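> just coords:
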């Protein structure tokens, strides 16, 4: 079972050490979630972990690839995909697969299959929900002020998304509250300084 000690203001080196030496839920692979508000730096942290992890093959799955558009993103469909198609097979050392959502055509593509990795990183809003915690060794939460996160997203993706993002921020906050994501994190990171 994952260590329940909460760690704030942790360095990348500390996170990598915990992944190398910490307890794991599966003898075959390690799985982590990186969750937090939009614009907090989840993808950046996932990339840094992936680039520096020395334990073998790393696979990062972005929640944006699993959402069924804006309105049907944080629903039971996401949970089923995460548990049945990704986490459960990976924990058993089996190949995992999912259909990637195409935001332009607003539909899911063909099944993408992956061999089970040594480190599976689930990155994005919804990755740290209750159902995933039975499979993940660490839940990393990145704190960020909502307005700072919004401005990061708009700089990255374009101002045309502002209305959708403001609605999304309400949805993600409701999701985080109902899933108690922040309080269940085993590692907390300040997105203002870490990223």
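Received the coordinates, thanks. What you see is a predicted model; the values in this text were computed from it and never measured.
> going forward, measure contacts between C-alpha atoms and count neighbours the same way
Will do.
> residue contacts, the residue nearest to residue 192 when sequence neighbours are not counted?
Nearest residue to residue 192, sequence neighbours excluded (C-alpha to C-alpha, 6 or more residues apart in numbering): residue 144, at 6.3 Å. Listed by C-alpha atoms under 8 Å, 6 or more residues apart in numbering, the contact partners of residue 144 are 36-37, 39-40, 190-192.
> repeat that for 7 Å
Residues near residue 144 by C-alpha atoms under 7 Å, 6 or more residues apart in numbering: 37, 40, 190-192.
> quick one: which of those is most hemmed in?
The residue in those with the most neighbours, by other C-alpha atoms under 10 Å, is residue 40 (28 neighbours).
> quick check: that residue is in a helix.
No: according to DSSP: H, G, I helix; E, B strand; the rest coil, residue 40 belongs to no helix; its state is coil.
> I figured it was touching residue 142, is that so?
Yes: using C-alpha atoms under 7 Å, residue 40 is in contact with residue 142, at 6.0 Å.
> identify the contacts common to those two.
residue 191.
> identify the residues contacting residue 89.
Per C-alpha under 7 Å, 6+ apart, neighbours of residue 89: 95-96.
> repeat that for 10 Å
Applying C-alpha atoms under 10 Å, 6 or more residues apart in numbering to residue 89 gives the contacts 83, 95-97, 115-116.
> flag the least confident of these.
Among the contacts of residue 89, residue 116 has the lowest pLDDT, at 88.
> now that one, what's its secondary structure?
Here residue 116 is recorded as coil under three-state DSSP.
> next, residue 16: phi, psi?
Main-chain torsions, residue 16, degrees, to the nearest 10: phi -60, psi -40.
> show me what contacts it?
By C-alpha under 10 Å, 6+ apart, residue 16 lies in contact with 22, 48-50, 52-55.
> looking at those, spot the one nearest residue 159.
Residue 159 lies nearest to residue 48 out of those, by C-alpha to C-alpha, at 26.7 Å.
> quick check: closest non-adjacent residue to the closest one.
Leaving aside its sequence neighbours, residue 48 sits nearest to residue 12 (C-alpha to C-alpha, 6+ apart; 7.8 Å).
> these two touch, right, the one you found and residue 51?
No: the criterion here is C-alpha atoms under 10 Å, and residue 12 misses it with residue 51 at 11.1 Å.
> give me the more crowded residue out of the two.
residue 12 (16 against 10).
> now do the more buried one, the pLDDT please.
Per-residue confidence at residue 12 stands at 92 (pLDDT).
> just want the most central residue of this protein.
Of all residues in the chain, the one closest to the mean position by C-alpha atoms, centre = their mean is residue 123, 2.2 Å from it.
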